[in-house]
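Asker: predicted model, plus sequence, below.
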Amino acid sequence: MIITRIPPSPTGKLHIGTARTALFNYLFAKKNGGKMVFRSEDTDKARSTKESEAEIMSGLQWLGITWDNEGEIVRQSERAPIYREYLEKIIANGGAYVSREESKNTPGEMVEVVRLKNPNKVLTFNDLIRGDITFDTTELGDIVIARNLDDALYHFTVVVDDYLMGVTHVIRGEDHISNTPRQILIQEALGIERPIYAHLPLILAPDRSKMSKRHGAVSIESYRELGYTKDAILNYLALLGWNPGTDQELFTLAELVEKFEVTQIQKSGAVFDIKKFNWFNKEYLRRMSAEEFMTYLDLSTAEGLPKYFDITSDSFTRLLPTIQERISIRQEAIDEIKAGEYDFVFVSPTEYTTDMLKWKNDPDASAALPRLEKAAELLKTADFSTPDTIKAALWGYAEEVGKGELFSPLRIALSGKAQSPDPFTIAYIVGLEETLRRIATACDKIKG
RNA sequence: GGCCCUAUCGUCUAGUGGUUAGGACACAAGGUUUUCAUCCUUGAAGCCGGAGUUCGAUUCUCCGUAGGGUCACCA
């Protein structure tokens, strides 16, 4: 049985890189009928927090990346007795020794740390993604594996836990390649079987360095807050460093499990491209039903919207499809609303100039006047149930006089802007009465 | 700096000892459209460099170069 693991260090929010590593471990395990176990690597008491652990776990669950621990998850902070047992064992068999020396953390103080007895040899391990990797462990020295018998350090706990949890495949970031020989040395000293390794390429910032806070948003939570859906996140992350070998780009989690192959994992780092990420999110947004999109947008939690922007109104509900086809992420909708893009829904436009109402050879917009009046006439008996039925009511007349001749001034009259959704959509959103009122206002404007 | 990893359009990538080196995002142009957005079409854009092997290298080897990772009593 294949067992992979996701062992985050609970020292912050769920990092995008951690999420991707978890995803790959999940995909590999599920694809092969195996399991993935979760382990909280909280041996650093100074930096680890319970809040962070909870956030990481809930973030992973939100994404749909689940683990298969029997019962509680494993916390290294609760396993000191186990590590002590193995420390005693490794010391007893000569693989490590207690060294009395000056503390590095508190200079001046003498402490007894446990150091691995380095056999100083050339060691080769196989990586599923990169092939054989060779190191000379001499340069590592006798690494410290525990501060004392009750305080084991990372390399030691990882080896012991992976062994005890039955981990068969260690799939982690490329930044762990150099840790691997140390851990193998510990395994050998303990007489533990070596797991199979696979080191994933790193997610890079646009400057090609390792993604970090200074590059902006790095937590899954921050992307979630901006309105990236879990489907888009999963999909984009999977394709950063992996490909299906086909032209398919859109995948559900289940499809990813089905198509996943380690052999298709890239060797080199992948730059995180927010533009492509946005494209994925937009694809998922446009696939939502009206109800799903309304739930997704949920502007009731958005701050700073203009007071007249009534999200409980019917007109707002009618506006939703227009927003849905335009945005990539929820935050864009909020920003656009704040910028007044959709003010026409609630505010009768009055600020526009007569000049804007004219179309081509119509110096003073006088030609627009009869057209608007005729449009108002037609609209009075139009079917307002959809933008299309409104369009149908005006179409014949528009073709007669020229579409631009009618629709351009009409759109300005309804939106007050040079750029806006089409007049049928606006008329549908604001309703017959308000539509006629706005046309009348425009006519008055032309008359002076 | 030592050690390790990596190298196809700007980005994510497919691919082959002989291909018009393919797709996607982004970008540009044109079309549809009253405008914006959408949509459709088209275009520009790439095999890091040098040797070697070979009839022939983007592909194989070596050397450079570049980028990245890592060098804790953190994980």
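Answerer: The structure has been received and is ready for your questions. Fair warning: this is a prediction, and the values are worked out from it, not measured in the lab.

Asker: C-alpha from now on. contacts and neighbour counts both.
Answerer: Will do.

Asker: average model confidence for the longest helix along chain A?
Answerer: Ranked by number of residues, the top helix in chain A under DSSP state H is helix A:423-447. Averaged over helix A:423-447, pLDDT sits at 94.

Asker: quick one: the helices in the stretch 301-448 of chain A?
Answerer: For the stretch 301-448 of chain A, applying DSSP state H, counting those that start in this stretch gives helices covering A:314-326, A:330-338, A:354-357, A:368-380, A:387-401, A:403-415, A:423-447.

Asker: scratch that, the stretch 101-250 of chain A
Answerer: So, for the stretch 101-250 of chain A - with DSSP H, counting those that start in this stretch - the helices run A:154-164, A:180-190, A:220-226, A:230-239.

Asker: switch the helices of the stretch 301-448 of chain A over to CSV; also include mean neighbour count.
Answerer: What follows is these, written out as CSV (neighbours: other C-alpha atoms under 10 Å):
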stretch, mean neighbour count
helix A:314-326, 16
helix A:330-338, 17
helix A:354-357, 20
helix A:368-380, 18
helix A:387-401, 16
helix A:403-415, 24
helix A:423-447, 20
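
Asker: kindly reformat those as JSON lines containing distance to RNA strand B.
Answerer: Output for those, formatted as JSON lines (distance: least, C-alpha to the nearest atom of the strand, whole Å):
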{"stretch": "helix A:314-326", "distance to RNA strand B": "4"}
{"stretch": "helix A:330-338", "distance to RNA strand B": "12"}
{"stretch": "helix A:354-357", "distance to RNA strand B": "10"}
{"stretch": "helix A:368-380", "distance to RNA strand B": "13"}
{"stretch": "helix A:387-401", "distance to RNA strand B": "8"}
{"stretch": "helix A:403-415", "distance to RNA strand B": "3"}
{"stretch": "helix A:423-447", "distance to RNA strand B": "5"}
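
Asker: contacting residues for residue A:13?
Answerer: A:52, A:55, A:56, A:219, A:220, A:221 (C-alpha atoms under 8 Å, 6 or more residues apart in numbering).

Asker: which members of those residues are the farthest-apart pair?
Answerer: Greatest spatial distance in the contacts of residue A:13: A:52 and A:220, 12.8 Å, computed using C-alpha to C-alpha.

Asker: the more surrounded of these two?
Answerer: Taking other C-alpha atoms under 10 Å, residue A:52 and residue A:220 do not tie; residue A:220 has more neighbours (23 against 18).

Asker: so that one touches residue A:58, yeah?
Answerer: No. Counting by C-alpha atoms under 8 Å, residue A:220 stays clear of residue A:58, with 10.7 Å between them.

Asker: what's the neighbour count on the closest residue to residue A:217 other than its chain neighbours?
Answerer: In this structure, residue A:217 finds its nearest non-sequential neighbour in residue A:223, 7.1 Å apart by C-alpha to C-alpha, 6 or more residues apart in numbering. The tally of other residues near residue A:223 (other C-alpha under 10 Å) stands at 16.

Asker: cool, and the one 3 residues further on?
Answerer: Counted with other C-alpha under 10 Å, residues neighbouring residue A:226 total 13.

Asker: residues in contact with it?
Answerer: Going by C-alpha under 8 Å, 6+ apart, residue A:226 touches A:329, A:330, A:331.

Asker: follow-up on the earlier one: and of the contacts of residue A:13, the nearest to residue A:253?
Answerer: Distance ranking of the contacts of residue A:13 against residue A:253, using C-alpha to C-alpha, places residue A:220 first at 16.8 Å.

Asker: domain-wise, how is chain A divided?
Answerer: As given by automatic domain parsing, the domain ranges for chain A are A:3-73+A:202-277, A:79-200, A:288-345, A:354-447.

Asker: what's the least confident stretch among the ones you listed?
Answerer: domain A:354-447 (a mean of 91).

Asker: ends of that one, how far apart?
Answerer: Domain A:354-447 has an end-to-end distance of 9 Å (criterion: C-alpha to C-alpha, to the nearest Å).

Asker: off-centre distance for that domain?
Answerer: From the chain centre to the centre of domain A:354-447 is a distance of 42 Å (C-alpha atoms, centre = their mean, to the nearest Å).

Asker: one more: stretch A:439-448?
Answerer: Relative to the centre of its chain, stretch A:439-448 is centred 49 Å away, using C-alpha atoms, centre = their mean.

Asker: do stretch A:273-290 as well
Answerer: A distance of 11 Å separates the centroid of the chain from that of stretch A:273-290, by C-alpha atoms, centre = their mean.

Asker: hmm, who's touching it?
Answerer: Counting by C-alpha under 8 Å, 6+ apart, A:206, A:228-229, A:231-233, A:235-236, A:250, A:293, A:320-321, A:324-325, A:327-329 sit against stretch A:273-290.

Asker: if you set the cut-off to 7 Å instead, what comes out?
Answerer: For stretch A:273-290, contacts defined as C-alpha atoms under 7 Å, 6 or more residues apart in numbering pick out A:228, A:229, A:232, A:236, A:324, A:325, A:327, A:328, A:329.

Asker: check the gap between the fourth one and RNA strand B for me.
Answerer: The one in question is residue A:236. As defined by C-alpha to the nearest atom of the strand, to the nearest Å, residue A:236 lies at a distance of 8 Å from RNA strand B.

Asker: before we move on, back to that, closest to residue A:7 out of the helices of the stretch 301-448 of chain A?
Answerer: With C-alpha to C-alpha as the measure, helix A:330-338 is the member of these nearest residue A:7 (31.5 Å).

Asker: contact partners of the closest one?
Answerer: Residues outside helix A:330-338 that contact it (C-alpha under 7 Å, 6+ apart): A:226, A:227, A:297, A:305, A:306, A:323, A:327.

Asker: among those, the buried ones, what's the ChimeraX command?
Answerer: Of the contacts of helix A:330-338, the buried ones go into a single ChimeraX selection, burial set by 16 or more other C-alpha atoms under 10 Å:
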select /A:227,297,305,323,327
